[in-house]
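Asks: Sharing a model that was predicted from the sequence below.
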Amino acid sequence: MTKNIFKREALIAQLQQEKNWDVLIIGGGASGLGAALDSATRGYKTVLFEQIDYAKGTSSRSTKLVHGGVRYLAQGNVDLVREALHERGLLAKNAPHLVSNLSFIIPNYKWWGTPFYTIGLKVYDILSGRLSFGKSFSLSRKKTIQKLKTIKTDGLKGGVLYHDGQFDDSRLAINIAQTAIEKGATLLNYFKVIKLTKNTNGNTNGVVVLDTETNTEYTVFAKTIINATGVFTDEILKMDDAASKNLVRPSQGIHLVVDRSFLPGNEAIMIPKTTDGRVLFLVPWHSRVILGTTDTLIDSHSLEPKPLEEEIDFILANANEYLNKNVSREDVLSMYSGLRPLAAPKDKSEKTKEISRSHKVLVSDSKLITITGGKWTTYRRMAQDTIDKAIQVGQLTKRPCATKDLQLHGATLNKEIINHLSFYGSDQDSILKMVKHNPTLGEKLHPNLEFVKAEVVWAVKNEMARTIEDVLARRVRVLFLDAKAAIKIAPLVADIIAKELNKDDAWKQNQIESFRKVADVYVLKH
Ligand SMILES: Cc1cc2nc3c(=O)[nH]c(=O)nc-3n(C[C@H](O)[C@H](O)[C@H](O)COP(=O)(O)OP(=O)(O)OC[C@H]3O[C@@H](n4cnc5c(N)ncnc54)[C@H](O)[C@@H]3O)c2cc1C
C-alpha cells in the first residue's frame, strides 16, 4: 500500500524531524500557498502554517474570476492587466480542471456603449497575447437577448462579448497545497503562529506555533520567515515590533448567490458602471449564479466578516436594474464576504489607497518578509517575487523559479466538465472507484445538490479536511451554494468525518454547533 503523504500525523512527524528550515510561511491563502509551492519546487526545505484551514480567509471568498481586470484597464493600468492576463493563461494550462473559459457580456443601453466597449476590449484581447482566451466582438440587440434570456430589454441597444477565466478558488488552494506537499514541503492547517523568535542580532529566526487540535506548542526555526496573512498582516508585524504602525485597513466585498434561473445561459454579465461607479458581475458558478461585489471600508477584520444590510440592498438594486426577473432577498441561497487589505493611511490627511491590485513584498528591519495585496489570478507571480526576495534575505543558494509550466495536483488533459466531479481532475477516477467499492458512498448528501458522500471521505483522507466547515465550505462548496442545505446536512457530514478520524459523539455535537454558528452568517434572513 502506498503511503498517504497528506496524513496529518505524517506531516507533524516531518515538522518534528527538521531542525532548521530554509523557508517558513505564515498563512495558507493564495499568497502563502503559492510561496510554499514556489519554494518547494526550487528545492528549499519549506514549512507553512495556517491557523484555521487553507483558504479560510479571503482566498475562498473571491468573485471566482481568473482575469486581467477590465476595470483596471479602464483606469489605464496596462502593465498590471498584461501581467494578470499572462498569469491567467498559465493558470488555465496548469490547472485546466479548475479554470474554464467564460464569455462575459456587457449589455449596452446607450448609443455609444457598443463602439466604446468594443474598442476597449480589443486592447484587452491584444494584451493577452499568445495566451488569448478568444476574441471579443459586438453583439446586436437581438443576439444579446438570445444569449441573455433574463436581460432587461427596455432601451437595450446591444452588447459586447469578451472572454475571461473562471475558477473554484478554495479547490485551487487545496490543489496547490497538495502539489507543494508532493514536492516535499510540510504544510499544516490548524497551526496558529503565536510568537516570532529572534536571534542575538534582532533578526527573526523562527516562530512559536500552536497545534490548535491538541494544544501543543512547537518552536520552529528557519532561515527566512514570510508573513502571508492577508488582512491579518498587522498582527504578525506587531509580534515582530509591538510599536509597528498598521499597514493595512480592510475593505469588504460581499457576494449574493442565487438560483440559475436568474441567468440560465452559459454567459456571465458584466455591468461596467454601478450606481457607485464600480463594476458588478453576475456569474454562473457551479449550479448557481454569483452576484457581486461591493467595496466597503470597515474598521476591523474578522474570520467571518458579515455582509452589511446596505451592501445587500446595493447588489439587489443594481442587479434588478439589468434583469427582467426580479431578484429579492427571498431568492438569496447564500451570501459571503471577503476582505481586501488596503494600505492604511499614514496620517489623518491621507486617504486609504488600494494596494490589492498590485502586490508588494516588504522586508522589515528584523528581516521578516511580508507579501501583501495582489489577486488570486497572479498568485504564481507573487510567489515568484516573494521567494526571490527570500533567497536574497536568507542568503539561500540561488535557484530559478520552476512554476511557470508546473502542472498542479489534479491537472488532466481531459478539460471537459461533464459533472461536478470534473473539478477533481485526475482524482475523479479514485473517487468513482471508492463509490464502486462501496455504493452507499454514491448517495447524495442533499436531494437538491449534486455532491455525494464519497467526497466527504475523500476530503478527509486526501485533502486535509478536519471539520464539517472544511468540507462544506472549502472542499465541496455547499455552504457557498446553499447555506440552509449545508446546515441541514451537517449531522450527516459529522458522522462521516467522525468515522474517518475516529472521533466520539461529543466531538460531533461540538462540530455541529460550531458549524451552525458559522453557517448562520451565510443565511440571509428575510
Ligand atoms: C471581495 C473580493 C473578491 C475578489 N475576487 C477576486 C477574483 O475574482 N479574482 C482574483 O484573481 N482575485 C480576487 N480577489 C483577490 C483575492 O481573493 C486575494 O488577493 C487573495 O485571496 C488573498 O490571499 P492571501 O493569501 O493574501 O490572504 P488570505 O486568503 O486572507 O489568507 C491569509 C491566511 O492567513 C491565515 N493566518 C492569519 N494569521 C495567522 C497566524 N497567526 N498563523 C497562521 N495563519 C494565519 C488566515 O487564517 C488566512 O487563511 C478578491 C478579493 C476580494 C476581497
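Replies: Looks like it came in fine.
Asks: could you pull out the helices for the stretch 351-500 of the chain?
Replies: 379-394, 428-437, 453-462, 468-469, 478-481, 483-501 (DSSP state H, counting those that start in this stretch).
Asks: Dump these into JSON lines; add distance to Ile5 and mean neighbour count as well.
Replies: In short, each C-beta sits where N, CA and C put it, glycine included. JSON lines is the format used below for the helices of the stretch 351-500 of the chain (distance: least, C-beta to C-beta, whole Å; neighbours: other C-beta atoms under 10 Å):
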{"stretch": "helix 379-394", "distance to Ile5": "21", "mean neighbour count": "23"}
{"stretch": "helix 428-437", "distance to Ile5": "15", "mean neighbour count": "14"}
{"stretch": "helix 453-462", "distance to Ile5": "9", "mean neighbour count": "22"}
{"stretch": "helix 468-469", "distance to Ile5": "24", "mean neighbour count": "26"}
{"stretch": "helix 478-481", "distance to Ile5": "27", "mean neighbour count": "26"}
{"stretch": "helix 483-501", "distance to Ile5": "17", "mean neighbour count": "19"}
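Asks: so what's the nearest residue to Ser430 once chain neighbours are set aside up against?
Replies: Once flanking residues are discounted, Ser430 sits nearest to Trp458: 7.5 Å by C-beta to C-beta, 6 or more residues apart in numbering. By C-beta atoms under 8 Å, 6 or more residues apart in numbering, Trp458 lies in contact with Tyr424, Asp427, Ser430, Ile431, Met434.
Asks: is it true that the first one touches His409?
Replies: Yep, that's Tyr424 we're talking about. No: Tyr424 is not in contact with His409 according to C-beta atoms under 8 Å; the separation is 9.9 Å.
Asks: So which bits of the protein are right by the ligand?
Replies: 26-32, 49-52, 56-59, 62-65, 192-193, 228-232, 253, 293, 338-340, 356, 374-377 (C-beta under 6 Å from any ligand atom).
Asks: possible to save the contacts of Trp458 as JSON lines with distance to His286?
Replies: As requested, these are exported to JSON lines (distance: C-beta to C-beta, whole Å):
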{"residue": "Tyr424", "distance to His286": "13"}
{"residue": "Asp427", "distance to His286": "17"}
{"residue": "Ser430", "distance to His286": "21"}
{"residue": "Ile431", "distance to His286": "17"}
{"residue": "Met434", "distance to His286": "21"}
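Asks: where in the chain is pLDDT low?
Replies: Applying pLDDT under 70 to the chain flags residues 1-2, 345-357, 414-417.
Asks: so who does the spatially closest residue to Ala494 that is not a sequence neighbour touch?
Replies: Excluding the flanking residues, the one nearest Ala494 by C-beta to C-beta, 6+ apart is Lys508, at 4.3 Å. Taking C-beta under 8 Å, 6+ apart, we find Lys508 in contact with Pro491, Ala494, Asp495, Ala498.
Asks: just His301 next, same as before
Replies: Val231, Phe232, Pro250, Leu339.
Asks: Select from those residues every entry located in helices.
Replies: Among these, DSSP state H puts none in helices.
Asks: Pick the one among these closest to the ligand.
Replies: Phe232 (3.6 Å; C-beta to the nearest ligand atom).
Asks: what helix or strand is the closest residue to that closest one other than its chain neighbours on?
Replies: Nearest residue to Phe232, sequence neighbours excluded (C-beta to C-beta, 6+ apart): His301, at 6.8 Å. Per DSSP states H and E, His301 falls between elements, in no helix or strand.
Asks: same question, Gly165
Replies: Per DSSP H and E: strand 158-166 holds Gly165.
Asks: Next: Gly253.
Replies: strand 248-259.
Asks: That strand versus helix 483-501: what angle between them?
Replies: 100 degrees (axes from the mean of the first three to the mean of the last three C-alpha atoms, to 10 degrees).
Asks: Need the CA coordinates for strand 248-259. CSV is fine.
Replies: C-alpha atoms of strand 248-259 as CSV (Å, rounded to 0.1, in the frame of the first residue of the first chain):
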residue,chain,number,x,y,z
VAL,A,248,-3.5,47.5,6.2
ARG,A,249,-7.1,48.6,6.6
PRO,A,250,-9.8,46.1,5.4
SER,A,251,-12.3,46.8,2.7
GLN,A,252,-15.2,44.4,2.5
GLY,A,253,-16.6,42.9,-0.7
ILE,A,254,-19.8,40.8,-0.5
HIS,A,255,-21.5,38.3,-2.9
LEU,A,256,-25.0,37.0,-3.1
VAL,A,257,-25.7,33.6,-4.5
VAL,A,258,-29.0,32.9,-6.3
ASP,A,259,-30.6,30.2,-8.4
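Asks: could you point out which element follows it?
Replies: strand 268-271.
Asks: Could you list every helix and strand in contact with whichever helix or strand comes after that next one?
Replies: Downstream of strand 268-271, the first helix or strand assigned by DSSP H and E is strand 280-285. With contacts defined as 3 or more C-beta pairs under 8 Å, 6 or more residues apart in numbering; DSSP states H and E, strand 280-285 has these neighbours: strand 100-108, strand 268-271, strand 288-292, helix 309-320.
Asks: Spell out for me which residue occupies the centre of this protein.
Replies: Residue closest to the mean C-alpha point of the chain, counted by C-alpha atoms, centre = their mean, is Ser59 at 2.8 Å.
Asks: can you pull the contacts of that one?
Replies: Gly29, Ala30, Leu33, Asp169, Ser170, Ala173, Gly230, Trp376.
Asks: Which of these fall in helices?
Replies: Going by DSSP H, the helices hold Ala30, Leu33, Asp169, Ser170, Ala173 from the contacts of Ser59.
Asks: count of neighbours near the nearest residue to the last one once chain neighbours are set aside?
Replies: Looking back up the chat, that one is Ala173. Computed as C-beta to C-beta, 6+ apart, the closest residue to Ala173 that is not its neighbour in sequence is Ala55, at 3.7 Å. When neighbours are counted by other C-beta atoms under 10 Å, Ala55 registers 28.
Asks: now swap in Lys273 and tell me
Replies: With other C-beta under 10 Å as criterion, Lys273 counts 12.
Asks: Please verify my assumption that it contacts Val279.
Replies: Yes: counting by C-beta under 8 Å, Val279 is a contact partner of Lys273 at 7.3 Å.
Asks: most tightly surrounded among the helices and strands packed on strand 280-285?
Replies: Among the helices and strands packed on strand 280-285, ranked by average contacts under mean count of other C-beta atoms under 10 Å, first place goes to strand 288-292 (a mean of 24).
Asks: so what secondary structure elements neighbour whatever helix or strand comes next after that one?
Replies: Per DSSP H and E, the first helix or strand lying C-terminal to strand 288-292 is strand 296-297. Counting contacts by 3+ C-beta pairs under 8 Å, 6+ apart, strand 296-297 packs against strand 248-259.
Asks: Report the inter-axis angle for the strand it packs on versus helix 309-320.
Replies: Using the same axes, to 10 degrees: strand 248-259 against helix 309-320 is 50 degrees.
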